[in-house]
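Visitor: Build me a structure from this.
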Amino acid sequence: MARRILYSRHARQRMILRGISEREVDEAIRKGTKRIQDGKIVASYMYFEVVYMVRRQEIRVITVQFRW
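Guide: Residues are numbered from 1 along each chain as shown. Purely as a prediction, here's the structure:
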């Protein structure tokens with residue numbers, strides 16, 4: 001069963017600002033290189049990173065940022 005992806009208001013704002021789609025965020029979560037930072041998962045993919053947490057059957061996206 002696929003996990004449902006939920007986006008914080010902050011994440012939505014950053015996605016719009018940076019031109020990153022839900023499809024790209026989904027790909028980053030599935031295919032990106034992952035590391036743990038401050039108890040959260042950071043998935044690095046292409047030119048951006050997705051910071052998220054997994055709770056039960058949900059993925060909660062906290063923010064989306066450019067990779068530097």
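Visitor: buried residues in the helix or strand where Q65 lies?
Guide: In the assignment (DSSP states H and E), Q65 maps to strand 58-66. By neighbour count with 16 or more other C-beta atoms under 10 Å, strand 58-66 contains the buried residues 59-64. For every residue, glycine as well, the C-beta is placed using N, CA and C.
Visitor: Stretch 41-56 too?
Guide: 41-43, 45, 48-52.
Visitor: Where does pLDDT dip in this protein?
Guide: 1 (pLDDT under 70).
Visitor: rerun that using 50 as the cut-off
Guide: Along the chain, no part satisfies pLDDT under 50.
Visitor: got a list of what the residue nearest the centre of it touches?
Guide: With distances taken as C-alpha atoms, centre = their mean, V50 lies nearest the centre of the chain, 2.9 Å away. V50 is in contact with 25, 28-29, 32, 42-43, 61, 63-64, counting by C-beta atoms under 8 Å, 6 or more residues apart in numbering.
Visitor: Which strand residues bridge M53?
Guide: In this entry, M53 is beta-bridged to R60, by DSSP bridges.
Visitor: Q65 versus that one, what's the distance?
Guide: 15 Å (C-beta to C-beta, to the nearest Å).
Visitor: Between the buried residues of strand 58-66, which sits nearest I5?
Guide: I59 (4.7 Å; C-beta to C-beta).
Visitor: Can you add distance to H10 and give the contacts of V50 back as a markdown table?
Guide: Below are those laid out as a markdown table (distance: C-beta to C-beta, whole Å):
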| residue | distance to H10 |
| --- | --- |
| V25 | 13 |
| A28 | 16 |
| I29 | 17 |
| G32 | 19 |
| V42 | 15 |
| A43 | 17 |
| V61 | 9 |
| T63 | 6 |
| V64 | 9 |
